[in-house]
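Participant: Sequence first, predicted coordinates after that:
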Amino acid sequence: MLPAMALPPAGLMGLDGTCTAAGLLGAGLLVLAARAVVRAAWPARCVVLRGLMLALALPGLWLALWWPTVARPMGVAGSVMQGMSVAPAAMWPLLRVLDRIPPGLVRTASGLGADAKARLRLVWLPLLGGPVAGVGVFSGGMILLCVLAAGARQ
């Protein structure tokens, strides 16, 4: 039977949600930095990082919702850990799109005279707009579920 989801006080809910979002953002930036390093050293090995994120996606989501049961009292560090657990599922679609971009696309656009604003509008937004919006909606929903799970356990 599922536990009753309780709404914690608004201030605590906001703090938990902010800490969970900070953990998700920090882990996401760490994954993107690792991808940049791997891409510079071994371009063909980026598929390994993407496969690792896919392998950790479902266990990470399960751990994010189960974490308040393990870590009592949870506190700020527990909320950050929840966000870090959600990161593999959130980063996999972005890594997939980034790995499919042709290597010389931005260099070609700048060589044809596109400035930074034009490259953003004509290259990056069409390529990353949909996945970033989808990841944003998914991340917002998971942050809300993590906050509700933490509220039910306290």
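Facilitator: Nice, thanks for sending it over. Numbers count the residues shown, from 1 in each chain.
Participant: Now stretch 71-79: buried residues?
Facilitator: If you call a residue buried by 16 or more other Cβ atoms under 10 Å, then stretch 71-79 has these buried ones: 71, 74, 78-79. Every C-beta, even on glycine, is put in place using the N, C-alpha and C of the backbone.
Participant: Leaving out sequence neighbours, find the closest residue to residue 64.
Facilitator: residue 85 (3.9 Å; Cβ to Cβ, 6 or more residues apart in numbering).
Participant: was I right about the one you found contacting residue 68?
Facilitator: No - with contacts counted by Cβ atoms under 8 Å, residue 85 stays clear of residue 68, the gap being 11.5 Å.
Participant: hmm, who's touching the worst-scoring helix or strand of the chain on mean pLDDT?
Facilitator: Counting by mean pLDDT, DSSP states H and E, the chain has its least confident helix or strand at helix 105-111, which shows a mean of 75. Outside helix 105-111, the residues that touch it by Cβ atoms under 8 Å, 6 or more residues apart in numbering are 118-119, 122-123.
Participant: before we move on, what about stretch 80-94?
Facilitator: 19-28, 31-32, 50, 52-54, 56-58, 60-61, 63-64, 67-68, 71, 128, 131-132, 134-135, 138-139, 142-143, 146, 150.
Participant: Which ones among those map onto helices?
Facilitator: 19-28, 31-32, 50, 52-54, 56-58, 60-61, 63-64, 67-68, 128, 131-132, 134-135, 138-139, 142-143, 146, 150 (DSSP state H).
Participant: And those residues, which of them are buried?
Facilitator: When neighbours are counted using 16+ other Cβ under 10 Å, these contain these buried positions: 19-21, 23-24, 27-28, 31, 50, 53, 56-57, 60-61, 63-64, 67-68, 128, 131, 135, 139, 142-143, 146, 150.
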